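1. Could you work out the structure for the sequence below:
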Amino acid sequence: MLAFPLSYVAFGFASNLDWPCIQVIAWIGVPVVGTALWLFRRSHADLGRNWSVNLKLRDGHELVSSGVYRLIRRPMYTSFFLLGVGQFLLLPNWLAGCTGLVGVAILYGFRVVREERMMLSLFDGVYRTYMARTKRIIPWIY
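-> Numbering: from 1, shown residues only. Below you'll find the predicted structure:
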C-alpha cells in the first residue's frame, strides 16, 4: 500500500500509467486525507486502552459506542478508505493511485467479519443492539 506510491513519487516508477493531473482533483484530495487523519486519530482516542493491533480482547474490554463510534462501528477502516481515496486523488497514476484502495479493501475483507464475531462473542446482545443502530463504515449507508 505504501511501496508503489512512494516509488512513484520518489522515482517515477510506473509513470507509463500516468493520467493527466487535474489540479482541482488533486486539491480535493488534500481535505480527504486531512479528514482521514483526523478520523484515524479520533477513533484511537475514543477507543483508548481497548485498541490493539491484533484481534484480541483484553481483561476489562469495554464496548465503545461514543465519539465517532456512535455513528459507525469501524471508523479506522473508514479512515483507511479515505486515505486510499485521497491517495487516488493526489497521485495521477493508476498503479500508485489505486494501491491504497485495493490494500484497504483486502484488509477490510479479511478482518472485519472476524472482528464483529469477536465482539459478538463478548458483548452479544449489547453488540447486536449497537449493530442495529450503526453502520459499519459509512454513516447511515453501510
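2. Low-confidence stretches in this protein?
-> Flagging of the chain using pLDDT under 70 yields an empty set of residue ranges.
3. redo that, cut-off 90
-> Under the criterion pLDDT under 90, the flagged ranges of the chain are 1-6, 9, 49-61.
4. In the chain, mark out all the helices, start to finish.
-> Along the chain, the stretches classed as helices by DSSP state H are 3-11, 23-47, 75-90, 94-133.
5. closest to residue 61 out of these?
-> Closest approach to residue 61 among the helices of the chain (C-beta to C-beta): helix 94-133, 6.4 Å. (C-beta placed from N, C-alpha, C; glycine too.)
6. What angle do helix 23-47 and the closest one make with each other?
-> Put simply, helix 94-133 runs at 40 degrees to helix 23-47, going by axes from the mean of the first three to the mean of the last three C-alpha atoms, to 10 degrees.
7. and helix 94-133, which residues are buried?
-> 95-101, 103-104, 108, 119, 123, 127, 130 (16 or more other C-beta atoms under 10 Å).
8. Of those, which is the nearest to residue 86?
-> Nearest to residue 86 among the buried residues of helix 94-133 is residue 100, at 8.1 Å by C-beta to C-beta.
9. The closest one touches residue 82, doesn't it?
-> No. Applying C-beta atoms under 8 Å, one finds residue 100 not in contact with residue 82, separated by 9.8 Å.
10. Quick check: phi and psi on the residue lying closest to residue 130 once chain neighbours are set aside?
-> Counting by C-beta to C-beta, 6 or more residues apart in numbering, residue 130 lies nearest to residue 65, which is 5.3 Å off, once chain neighbours are set aside. Summarising the backbone geometry of residue 65 under the convention degrees, to the nearest 10, its torsions are phi -130, psi 20.
11. With residue 134 instead?
-> Backbone phi and psi, for residue 134 under degrees, to the nearest 10, turn out to be phi -130, psi 160.
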